[in-house]
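K.L.:
okay, predicted coordinates and the sequence, questions at the end:
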Amino acid sequence: MSLSGRVSTVLLLAFLTWVPSSARAQTPQSGPGSLEKEVMEMRTENGAIREQLRKLEEQQKTILQLMEGLQRKFDGGPAAIAEQSPPAPKPQPMPAANSAFNTPQPVTSSANTSLQPTSVAAVQGSSGGRFNDGMIIWQTPIDVKVPFVLKFNDDTQFRYLNTLSSDDTFTDHLGVVHEVHRRNDFTVNRSMFNFSGYIFDERLGYSLKVWTSAGAASIVVTGNISWRFNKALTLTGGYTGVPGSRSLVGTFPYFAAIDRSMADNFFRPGFTQGVWAFGEPVKGLNYMAFVGNGLNTLNISAAKIDTNLVLSGSVWWEPLGPYGEPGKSRNMYDDYFSSKKTRVRIGTSFTTSREDRFSDLDQTNPDNTALYNSDGVLTFSTGAFAPGVTVDKAKYTMWAIDGGLKWNGLAVNGQYYMRRLNHFVADGPLPLASTFDHGFELTAGHFVVPKKVQLYGRGSKVFGQFRNSSEYGAGARWYFLRTERMWLNAELIKVNHAPYNGAFTPYTAGMTGWTPMLQAVLAF
């Protein structure tokens, strides 16, 4: 029986119970009186009954309307209930799930001493709904016994890559011929699912990430825990990128091109576990200081990681105001928001690590970068420096300087790298005591249609100990939705003697030729 049917039945039973009792109460006592008087009394009584019936019908109609309205709201779910809820303050921005700077921020909510979570309306912003730099799965008021926020973010790259125009072999500096792995495939290049927020205290942050690369056939489950002392200092422990390059300081996946440049992939460190501090002690001046297990230790057991630690740090200054808008895309290279105010970024990074071949040879992890010589040969492979000789240990030192400018849809970004490998320990004599490689990357892009279409050109070069390498190319980026978090790319690059190999990048060691690429990115 429906809700309205049940209400009608209850009212009818109440009425049938009331009518006889009312009639008995109104029945005149036996005695003298004329028939005409009795008829008049009955008419009066009937009129009163009809008036009562009319009032009951009106009350029933009102109750039915109220109950049907409530039933519609319950059937409509939380969104319908939220329509009747009073407007709530808009939550403050949450931390970017992808950034190394996952700093849990306070979330404004009205005073509420209940242990129950806030209503849906309290989670919703006036314009963002449940989306606040990520999907807000659940959020409690700040003043409950166990305050927490649970937020979900995703980054997915789907890419088509064609390197068939490349030569199928290359020759290293010792005259050894190597095969070039050529590609013509579609792949979910990277996919990252991240759950983050704070719990127990607004200052206690957490991040739980599933990180996959279909190109490298790898899955890594990572996490970190952080404590925010103030704006100048947050301390975090867990997995992150070693901050030896600008592209490892909270920029993924908002690069200037389809991916990191050839030079950046050759020089930069990788990802590992460690402890890092970051913050903004002075307005516009940011830093990140890191100590960890090594340059590249994702999915490598502790038994294979040596006892040496990597030290790395990055400092950058934004003297004319924030280089990007607040949120996940804070450090993006492009000027998507097309501000007419000029913005500048100046930064530098430094990394040093004593590396062991057992840690650095593993390449089956997303975004890991093993050490390569400038001729495209793995540094720790047998014969990299001399026939039949294997280097077991080496010291890696790298310094990078970066800069960028944005204005009215125009963005120009560049970085210069210097890397030295020395203090070799090998199982035989080596012809040299150290190697020195340096190079640069440069990208310029402009939105020909604001917030819709960007055209860009890019290039990078490696001046190597054993061989020089270069690339140049151009592309277009289309933001077909009204957001910077979903776009399509088309790009064509010319690579000359790639010195690096990475299954998640467009580059394979020794590659020389034209490379067309298409890519879709969703980063929310």
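P.N.:
Ah, there it is. Numbers count the residues shown, from 1 in each chain.
K.L.:
show me how the record splits this protein into domains.
P.N.:
3-23+37-76, 148-523 (automatic domain parsing).
K.L.:
got the CA coordinates for stretch 211-221 in PDB?
P.N.:
The C-alpha trace of stretch 211-221 is given here as PDB (Å, rounded to 0.1, in the frame of the first residue of the first chain):
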ATOM      1  CA  TRP A 211      50.300   4.200  -9.800                       C
ATOM      2  CA  THR A 212      50.400   2.300 -13.000                       C
ATOM      3  CA  SER A 213      52.100   2.400 -16.400                       C
ATOM      4  CA  ALA A 214      50.900   0.100 -19.100                       C
ATOM      5  CA  GLY A 215      53.900   0.900 -21.200                       C
ATOM      6  CA  ALA A 216      56.200  -0.300 -18.500                       C
ATOM      7  CA  ALA A 217      53.800  -3.100 -17.400                       C
ATOM      8  CA  SER A 218      54.100  -2.000 -13.800                       C
ATOM      9  CA  ILE A 219      51.900  -1.200 -10.800                       C
ATOM     10  CA  VAL A 220      53.100   0.600  -7.700                       C
ATOM     11  CA  VAL A 221      51.100   1.200  -4.600                       C
END
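K.L.:
for it, buried residues please.
P.N.:
211, 212, 213, 214, 215, 216, 218, 220 (16 or more other CB atoms under 10 Å). The way it works is simple: take the backbone N, C-alpha and C, and place the C-beta from them, glycine included.
K.L.:
can you put these in JSON lines and add secondary structure?
P.N.:
Shown next, in JSON lines, are the buried residues of stretch 211-221 (DSSP: H, G, I helix; E, B strand; the rest coil):
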{"residue": "211", "secondary structure": "strand"}
{"residue": "212", "secondary structure": "strand"}
{"residue": "213", "secondary structure": "strand"}
{"residue": "214", "secondary structure": "coil"}
{"residue": "215", "secondary structure": "coil"}
{"residue": "216", "secondary structure": "coil"}
{"residue": "218", "secondary structure": "strand"}
{"residue": "220", "secondary structure": "strand"}
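K.L.:
tell me which of those residues is nearest to residue 458?
P.N.:
Comparing the buried residues of stretch 211-221 against residue 458 with CB to CB places residue 215 closest, at 20.9 Å.
K.L.:
next up, the contacts around the closest residue to the closest one other than its chain neighbours.
P.N.:
Leaving out its chain neighbours, the residue that sits closest to residue 215 by CB to CB, 6 or more residues apart in numbering is residue 503, at 4.2 Å. Residues near residue 503 by CB atoms under 8 Å, 6 or more residues apart in numbering: 213, 215, 216, 217, 363.
K.L.:
in the stretch 101-250 of the chain, where is pLDDT below threshold?
P.N.:
101-128 (pLDDT under 70).
K.L.:
same thing with the chain?
P.N.:
Residue ranges of the chain with pLDDT under 70: 1-39, 41-43, 67-128, 299, 359-369.
K.L.:
helices of that one, start to end?
P.N.:
All helices of the chain, identified by DSSP state H, fall at 3-26, 35-76, 78-84, 120-123, 262-267, 357-360.
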